[in-house]
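Chemist: Model the following, please.
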Amino acid sequence: MAFTPISRRTARVSRFLGVAAASTAIVLGASGNALACNINEFSAEAKCDGTQGVITVTDVDKTGVEATVSVYLQSNGADAKKVGEQTVKGSKEGTTITFKEDWAPNAVYRIRVEALPYIKGADITPNLTTPATACKTEDTPTPTPTPTPSDSASTPAEESPAPTPSASEGTTAPATVESNAPSAAAGDSNLAETGANSNTGLIAGIAIALVAIGGGAVFFGLRRRGAGTR
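Modeler: Below is the predicted model of the structure:
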């Protein structure tokens, strides 16, 4: 078999085609990785769900590569605690996952994303800083008012009204005790009307009888004395 030498022109064209193919492969590979999944397609936000604080992470990866998202609370530049870990598949509209976290104002959280083989563990930058106002404010206790001297002084009890007598007690007059003695007013009235007391005749008769008895006693005494002197 005879060997036919390659001309310079053919060699030059072949070299050019090889370089172009290699460049195209590199560009396509890089763009494929960029389109598949990128850390810049993830974002995080601290919000309030009513009175409950939450941290949301949104993935806008159109290819829907499954990624693992981890949230860490920071303290002095280091992880203080792990809030939680979830998986997410992005979408063109964006897929959001929620972590319940009663975050404090101005707290810092680190969001870690891993989506192999495209993202081999990377943080969303910058770190998430929560708002300056918490979701739920503490209820301020109402202070107990200090009693003033006028309030502390005891108020005298109202006098209870005197018991009202019943109809039978209040309207019934006390019974009058009858007396045998003649009423002075009645006697004066009789004297004024008749000019004499109704008992005057009786008294006069008794007086006359007494005078008669006395006279008789005096008479018998004198007679007896005269008989004794004879």
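Chemist: Assign Pro117 to helix, strand or coil.
Modeler: Secondary structure, DSSP: H, G, I helix; E, B strand; the rest coil: Pro117 is coil.
Chemist: Distance of it relative to Ala36?
Modeler: 9 Å (Cβ to Cβ, to the nearest Å). For every residue, glycine as well, the C-beta is placed using N, CA and C.
Chemist: what about those two, which has more around it?
Modeler: The neighbour comparison of Pro117 against Ala36 (other Cβ atoms under 10 Å) goes to Ala36, with 16 against 9.
Chemist: and the more buried one, what is it in contact with?
Modeler: 61, 63, 65, 118 (Cβ atoms under 8 Å, 6 or more residues apart in numbering).
Chemist: just the helices in the protein please.
Modeler: Along the chain, the segments classed as helices by DSSP state H run 8-36, 149-152, 167-171, 184-194, 200-228.
Chemist: and Ala67, bridged to which residues?
Modeler: Under DSSP bridges, the beta-bridge partners of Ala67 are Val88.
Chemist: Dump the contacts of Ala36 into a markdown table; add distance to Lys136, pLDDT and neighbour count as well.
Modeler: Converted to a markdown table, the contacts of Ala36 look like this (distance: Cβ to Cβ, whole Å; pLDDT from 0 to 100; neighbours: other Cβ atoms under 10 Å):
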| residue | distance to Lys136 | pLDDT | neighbour count |
| --- | --- | --- | --- |
| Asp61 | 34 | 95 | 24 |
| Thr63 | 39 | 92 | 15 |
| Val65 | 37 | 95 | 19 |
| Tyr118 | 39 | 95 | 19 |
